[in-house]
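# Got a predicted structure plus its sequence, pasted below:
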Amino acid sequence: MKLLMKAASLLLGFGVILSSGIALADDVVSIGVLPGSSINVRGTVLALGQDPPASTLNNALIADDGTLFVAQSDISFEPIDVAVFTGFGTFVVHVELRAQSDLIGAYDRNTGSFAAAADADIKLTSNVPGFNNNRCIIPTTTWKLSTDDLGGSLFSGGNGTVVDNSFVVNAIPFGACGGFFPDYATALNNALRLPSLTPGNNTLILVIRMDPPLAP
């Protein structure tokens, strides 16, 4: 609801602009995720972002009324390797954030305000014996990204920071990652402190750049 109110406020502002006779054009940009981005789940932090960007939201359509749309197929996060420390040792997990919906929201070319939402899950793979590389998935959650959330910053010259500090994360289902003793899903849930179901305990920060840059 909070996100919808933000988007509605942005679109209302565009209505005032259009009624004044000022015409805006549709824009298609690429949105790249830069260093300084991260996902934090109850204190477990995973760094995201490269420069030049390897994680991108391509063909992002920002219409003349400020409506923002990115197709699910155009959202791609660069997989990263993470060392997971468990009670029985350390092993490396390949982590891939995967969009499970389109990203929809609004962007204000006058103020640089941004608000959008999308669903995503996280797939985990590993080369440790008995690991199930097909079913080991942190379930889908909804990210509601905004420049207005704590830690966010309005866009200027194509650069801005969007934040979601209210999402929750469910645990990996028992048995989904393979293993017998130990069960890999249980080990990963313990290491990653999942589930994390209290809003405010988790934060997603995306430092992003639009190419080409849009006003302001």
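Perfect, I can see it now. Numbers count the residues shown, from 1 in each chain.
# contacts and neighbour counts: CA atoms only from here.
Noted.
# and Ser73, that's in a helix?
Yes: counting by DSSP: H, G, I helix; E, B strand; the rest coil, Ser73 is found in a helix.
# Based on its surroundings, how many neighbours for it?
By other Cα atoms under 10 Å, 14 other residues sit near Ser73.
# go on, Asn170?
Neighbour number of Asn170 under other Cα under 10 Å is 14.
# One more: Pro212?
12.
# show me what contacts it?
Val29, Ser30, Gly158 (Cα atoms under 8 Å, 6 or more residues apart in numbering).
# and the strand of greatest length in the chain, average pLDDT?
Longest strand in the chain by number of residues, with DSSP state E as the criterion: strand 27-41. Strand 27-41 shows a mean pLDDT of 97.
# With just CA atoms, put that strand into PDB.
Taking Å, rounded to 0.1, in the frame of the first residue of the first chain, the C-alpha atoms of strand 27-41 are listed here in PDB:
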ATOM      1  CA  ASP A  27      12.400   6.800 -22.700                       C
ATOM      2  CA  VAL A  28      14.100   3.400 -22.800                       C
ATOM      3  CA  VAL A  29      17.200   3.100 -20.600                       C
ATOM      4  CA  SER A  30      19.500   0.400 -19.100                       C
ATOM      5  CA  ILE A  31      19.700   0.400 -15.300                       C
ATOM      6  CA  GLY A  32      23.000  -1.000 -14.000                       C
ATOM      7  CA  VAL A  33      23.700  -2.100 -10.400                       C
ATOM      8  CA  LEU A  34      26.900  -0.600  -9.100                       C
ATOM      9  CA  PRO A  35      29.300  -1.300  -6.200                       C
ATOM     10  CA  GLY A  36      27.800  -0.200  -2.800                       C
ATOM     11  CA  SER A  37      24.800  -2.400  -3.400                       C
ATOM     12  CA  SER A  38      24.000  -5.200  -1.000                       C
ATOM     13  CA  ILE A  39      21.400  -7.400   0.500                       C
ATOM     14  CA  ASN A  40      21.400  -7.800   4.300                       C
ATOM     15  CA  VAL A  41      19.400 -10.500   6.000                       C
END
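# Okay then, goodbye and thanks.
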